[in-house]
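Enquirer: Predicted model, plus sequence, below.
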Amino acid sequence: MARLQLDKLVKQYGQGGEPAVRELSLEVDNGQFVCLLGPSGCGKTTTLRMIGGFLKPDGGDVRIDGVSILDQPPEHRPTAMVFQRYALWPHMTVWSNIAFGLQVRRRPRDEIARRVEASLELVGLPGLGLRYPAQLSGGQQQRVALARALVLEPRILLLDEPLSNLDAQLRIHMRSELTAIQRRVGITTVFVTHDQEEAMSIADRIAVMNAGILEQMDTPQAIYARPATLFVATFIGTMNRLAASLDSAGWLRAGPFAVQMPSAGAAGGQLVAGIRPEDLVLEERGAGVPARIESDIDLGHYRRVSLSVEGAELLAFVAKSEPVPSDGVTVRPTRVLLYADGHLADVSDQPMHGTVRA
Amino acid sequence: MRTTWFWDVPEFRRGLGLILVFGLSSFLLLPLLTLLLWAFADEWRYPNIIPQSASLKWWEWVFTNGDVGSAVRYSFITAPVVTLIAAVICLPAAYSFSRFRFPGRRALFISLLAANAFPKIGLYVAIATLFYRLNLMGTYWGVVLIQLVGTLVAMVWIPAAGFDSVARELEDAARDAGAGPLRVFWSITLPLAMPAIVVAAFLAFLAAFDESQGTLIVGSPQIVTMPTLMYTLVVNYPEPVGAIFSILLSAPSVILLLIARRYLLAGYLAAGFKGR
């Protein structure tokens, strides 16, 4: 089937400016759903358009099953793209929109009819073939765009922020719809988004991009648990950041905390400790550092507690079942990530009872 | 307390609107009404408000006059050909202006106005001296060429705006579905820009159809179209002839306008995909 490889892909707009994509290499296995995630301007859409053939890379290669497709124009590439604003042709009916690619390929009339009906069925829009795009809701247009891409049985499906134009509720519904269809068809998929929650909920693997560079590529769980760079750490989820230093005895001083980090001895450069809000434990006169609660917001399924600890502002997510002490609060981290010059150097994964001193 | 302006009184506001509409329509329609009255008048002298006697004899005269028949024929074999040639020359240019960035693009785009920037008559006399040498004076193709001059701006600028309004994504999507550049143009770009092209073609046709100065200089006396015949008729015959001929001359415009209205209001265009 289809396996997509990007090999040191480079794209530079204009002369002498910063490259939009710098030596990007990644692989997508057959049938895998990969999200390109990053802030706007990070080069993710540029990368997608290079895979689809709409932009010519300035360097590197795009391969499908080991064969370069770089010299093929978009109409010959085995890729199909769903555009951000759907790009349905307004002067054609839904049926003609989906049939267009098959007509271009001169398929027999009865085969076209069969495949168009089947793909309308697949996206859950049977019987809407005679409508015009303007007569459909945003969600329906989205499905037609997906059907139009899938009817050609491409080997790679490319999606450019396809859900960003839908309202919040529909977006979440279409997420599960999209993953269900992708699983059923089993197609290798690259999905571009700037919404980390969206990426976390639909991707098999996430490729986090920043300023044209691939920061990390891994499963959503691994990226959340062990963000490879400080950028990923703050872009995915929330992260408390504290300036840190190591002493010769293997103790990491991170703001008010001191944590034993025996394997971090070699870490040099600028050190920053990262602590996820859910990794902070609040106790009444416990082993941690005394803290003052600045605010305590009940968000339904958890509480968001702002703390002031020896001048440092920290954020803690506390399960609703856990009581927050009203007096003599102490706080301690259960897990600390150490970044040296922005890159992950060490993780203290062991429980930290007794390793924290004030 | 707030002062009550006349504007706040709905009756006044409606009244003012009515006066404006009435004034504008009488400004536009009264001359046409006069034209209509003249066309059917036999005798109409001051101070009578309507003609003293009506008659159809001048209609008969116009329709049986050989010069008129020949002028109508010439008008209808020049204007459509001019429109067609303008489309063949200008549409590729319009597409290039819209889609490609090349050096001098802006200057060229503006320079199309040059033909309209000077008094036409001077330009035509200059062209005529050239046509003399090329033996184009008094010929069909000479008239076609001179009428072409006035159609270029509309036939490039309006379709260029039409091509501009076709979002790049729509073309990309067609490429993605397997269509080559030519197929994309025929199936996507051209149909979506068609309303602008149709409007431009109508304007070009009317510009050619109504062109009189250049046609008079280059064409006469061999080639006489309806507008150039008009000069002769108005000077040499009684008023009803001029009036009848004006009505004949405006018929194509009215018919085209009605067709355009039906075509341009077609459903999908109103709700179409707007390029951003």
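Expert: Here it is on my side, so go on.

Enquirer: now the biggest helix by length in chain B, how far from the centre of its chain.
Expert: When chain B is parsed with DSSP state H, its longest helix is helix B:66-99. How far helix B:66-99 lies from its chain's middle: 11 Å, per CA atoms, centre = their mean, to the nearest Å.

Enquirer: Report the buried residues of whichever helix or strand comes after it.
Expert: Reading on from helix B:66-99 to the C-terminus, the next helix or strand found by DSSP states H and E is helix B:105-111. By neighbour count on 16 or more other CB atoms under 10 Å in any protein chain shown, the buried set for helix B:105-111 is residue B:109. Using the backbone N, CA and C atoms, a C-beta is placed for each residue, glycine as well.

Enquirer: same thing with stretch B:159-173?
Expert: Within stretch B:159-173, the residues scored as buried using 16+ other CB under 10 Å are B:159-163, B:165-167, B:169-173.

Enquirer: can you map out the helices along chain A?
Expert: A:44-52, A:94-104, A:109-122, A:138-150, A:168-185, A:196-202, A:220-225, A:230-235.

Enquirer: near chain B at all, the fourth one?
Expert: Yes: judged by CB under 8 Å from any CB of the partner chain, helix A:138-150 and chain B are in contact via A:148-149.

Enquirer: Show me which residues of the stretch 101-250 of chain B sit near chain A.
Expert: Counting by CB under 8 Å from any CB, the stretch 101-250 of chain B comes close to chain A at B:167, B:169-170, B:172-180, B:183, B:187-188, B:191-192.

Enquirer: Among those residues, name the buried ones.
Expert: The buried subset of those - by 16+ other CB under 10 Å - is B:167, B:169-170, B:172-179, B:183, B:187-188, B:191-192.

Enquirer: Just the ones of the residues you listed in helices?
Expert: Those of those lying in helices (DSSP H): B:169-170, B:172-176, B:183, B:191-192.

Enquirer: how about those residues, which pair is most distant?
Expert: The distance between the two most remote of these (CB to CB) is 18.1 Å, for B:176 and B:191.

Enquirer: residues contacting residue A:198?
Expert: A:35, A:163, A:171, A:175 (CB atoms under 8 Å, 6 or more residues apart in numbering or on different chains).

Enquirer: Which residue, neighbours along the chain excluded, lies closest to the last one?
Expert: So that's residue A:175. Nearest residue to residue A:175 in three dimensions, chain neighbours excluded: residue A:202, at 5.4 Å (CB to CB, 6 or more residues apart in numbering or on different chains).

Enquirer: pretty sure residue B:200 contacts residue B:154?
Expert: Yes: here residue B:200 reaches residue B:154: they are 5.3 Å apart, a contact under CB atoms under 8 Å.

Enquirer: so residue B:13, which of the three states?
Expert: State at residue B:13, reduced to three classes by DSSP: H, G, I helix; E, B strand; the rest coil: helix.

Enquirer: give me the number of residues near residue B:119?
Expert: Other residues near residue B:119 come to 9 when the count uses other CB atoms under 10 Å in any protein chain shown.

Enquirer: repeat for residue A:260
Expert: 16.

Enquirer: OK, contacts around the closest residue to residue A:39 other than its chain neighbours?
Expert: Leaving out its chain neighbours, the residue that sits closest to residue A:39 by CB to CB, 6+ apart is residue A:194, at 6.0 Å. Going by CB under 8 Å, 6+ apart, residue A:194 touches A:37-40, A:44, A:161, A:164.

Enquirer: again with residue A:193
Expert: If you count contacts by CB under 8 Å, 6+ apart, residue A:193 has them with A:35-37, A:161, A:163-164, A:199.

Enquirer: if you set the cut-off to 7 Å instead, what comes out?
Expert: By CB atoms under 7 Å, 6 or more residues apart in numbering or on different chains, residue A:193 lies in contact with A:35, A:37, A:161, A:199.

Enquirer: out of those, which are inside strands?
Expert: A:35, A:37 (DSSP state E).

Enquirer: which one of the contacts of residue A:193 sits closest to residue A:344?
Expert: For the contacts of residue A:193, the nearest to residue A:344 is residue A:37 (17.7 Å; CB to CB).

Enquirer: my guess is residue A:86 contacts residue A:142, does it?
Expert: Yes: using CB atoms under 7 Å, residue A:86 is in contact with residue A:142, at 6.2 Å.

Enquirer: that older thread, near the residue nearest to residue A:175, how many other residues are there?
Expert: 22.

Enquirer: Please apply the same query to residue A:200.
Expert: 17.

Enquirer: And it, how close does it get to residue A:230?
Expert: As judged by CB to CB, to the nearest Å, residue A:200 and residue A:230 stand 19 Å apart.

Enquirer: do residue B:205 as well
Expert: 67 Å.

Enquirer: same check, this time on residue A:139
Expert: In this view, residue A:139 and residue A:230 are 37 Å apart by CB to CB.

Enquirer: Ok, residue A:21 next?
Expert: From residue A:21 to residue A:230 the distance is 21 Å (CB to CB).

Enquirer: Could you check which of the two is surrounded by more residues?
Expert: Higher neighbour count among residue A:21 and residue A:230: residue A:21, with 28 against 21, using other CB under 10 Å.

Enquirer: just checking, the more buried one touches residue A:49?
Expert: No: using CB under 7 Å, residue A:21 makes no contact with residue A:49, being 10.2 Å away.

Enquirer: Since that was my last question, I'll sign off now.
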